[in-house]
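Visitor: for reference, the sequence and a predicted model appear below.
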Amino acid sequence: MKSLIALYTMSMLVLFLGVLPAHSETGQLVMYQSGEETIEAYLATPSGLGPFPAIVVFHEWWGLNDWIKQNVDLLAERGYVAIAIDLYRGHLAKTPEDAGSLMRSIPNQRAIQDMKAVTAYLKTLTDVIPNRLGAIGWSMGAGYALTMALTITDLDACIVNYGRLINEKDSLERITCPILGIFGEDDRGIPVLSIRAFKQASTEIGKSVDIIMYPGVGAAFMNENDKRAYNVNASKDAWDRIFSFLNQTLYN
């Protein structure tokens, strides 16, 4: 039965968009329509019988690389259909200079169109529960995850891992889902004062925001490929909190 379901799901993807060579046994590259463009994303689906909640994954400023794909696979292993959209349209950064240039090249309206399009795409998949949708991102991608919470009214959960924040209450009023924010206290790009301001502004208008700050770590502490920043204990705890939050928001 499982093999028939897997075959049916694969055939539906082929008919709907077309499937590219797989990154791993768990995930696969798919194509979907965003405005006038057909763009690539990395999709992973849990084994077993669905449907499952779905999570949109936003990459760091390096692009849709193997680390992001591994995180997508991990989310699928824990029971979520996960999809990482490619904001860079196939480009990967090799240096911080490349990453900064690519990050600045993203048109904001195009990114928002991608969020709306991937939401619509996920709701066409038979393995997805259409009213159980979350977003997660790291660094640059965390800012886009928060933008998705400001843009997609039926989002059910949002996780911001050391990404940019806002504290304007008029904008925060648009958020309709719980937020989990994970930060390092030594992050020079995201000061503690700005994190506290985001928490205070959100709380004052009745938004559900849980903020976790890890002492002694900075940005990128969850990425084991960044040898200078990675912290194994903080990363493990962060993942534990992420899955607890997702279980509460997307499975309850």
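Guide: Yep, it's here. Since the structure is predicted, the reported quantities are computational estimates derived from the model, not experimental observations.
Visitor: okay, CA-based contacts and neighbour counts for the rest of this
Guide: Will do.
Visitor: ok, for Gly218, nearest residue in space, not its chain neighbours?
Guide: Asp187 (3.9 Å; CA to CA, 6 or more residues apart in numbering).
Visitor: for my notes, confirm the one you found occurs in a strand.
Guide: No - according to DSSP: H, G, I helix; E, B strand; the rest coil, Asp187 belongs to no strand; its state is coil.
Visitor: start the count at 40, not 1, going forward
Guide: Understood, numbering begins at 40; the last thing we discussed is Asp226.
Visitor: how many neighbours does it have?
Guide: 19 (other CA atoms under 10 Å).
Visitor: repeat that for Arg267.
Guide: 11.
Visitor: now Ala150
Guide: Neighbour tally, Ala150, other CA under 10 Å: 19.
Visitor: please, where are all the strands along the stretch 40-189 of the chain?
Guide: Secondary structure of the stretch 40-189 of the chain, counting by DSSP state E, counting those that start in this stretch: strands at 66-73, 76-83, 91-97, 120-124, 167-177.
Visitor: hmm, back to that, tell me the contacts of the residue nearest to Gly257?
Guide: 201, 256-258 (CA atoms under 8 Å, 6 or more residues apart in numbering).
Visitor: related to what we said a few turns ago, buried deepest among the strands of the stretch 40-189 of the chain, which one?
Guide: strand 120-124 (a mean of 29; mean count of other CA atoms under 10 Å).
Visitor: tell me the strands beside that strand, with direction?
Guide: Paired strands of strand 120-124, with direction, are strand 76-83 (antiparallel), strand 91-97 (parallel) (DSSP bridges).
Visitor: before we move on, back to that, and the two most separated of the contacts of Asp226?
Guide: Taking CA to CA, the two most distant members of the contacts of Asp226 are Tyr201 and Val256; they sit 10.8 Å apart.
Visitor: got any residues that touch both of those two?
Guide: 223, 226.
Visitor: state the mean pLDDT of the helix ranked longest in the chain.
Guide: Longest helix of the chain, by residue count under DSSP state H: helix 271-289. In this model, helix 271-289 has a mean pLDDT of 98.
Visitor: what angle separates it from strand 167-177?
Guide: For helix 271-289 against strand 167-177, the angle by axes from the mean of the first three to the mean of the last three CA atoms, to 10 degrees is 150 degrees.
Visitor: distance between helix 271-289 and the chain's centre?
Guide: Computed by CA atoms, centre = their mean, to the nearest Å, the chain-centroid distance of helix 271-289 equals 14 Å.
Visitor: that helix - contacts with which helices or strands?
Guide: Helix 271-289 sits against strand 167-177, strand 196-200, strand 218-223, with contacts defined as 3 or more CA pairs under 8 Å, 6 or more residues apart in numbering; DSSP states H and E.
Visitor: now the ones you listed in a markdown table, with distance to Gln67 and mean pLDDT?
Guide: Compiled in a markdown table, the helices and strands packed on helix 271-289 are given as follows (distance: least, CA to CA, whole Å; pLDDT from 0 to 100):
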| stretch | distance to Gln67 | mean pLDDT |
| --- | --- | --- |
| strand 167-177 | 16 | 97 |
| strand 196-200 | 23 | 98 |
| strand 218-223 | 28 | 98 |
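Visitor: which of those strands sits closest to Ser73?
Guide: strand 167-177 (17.6 Å).
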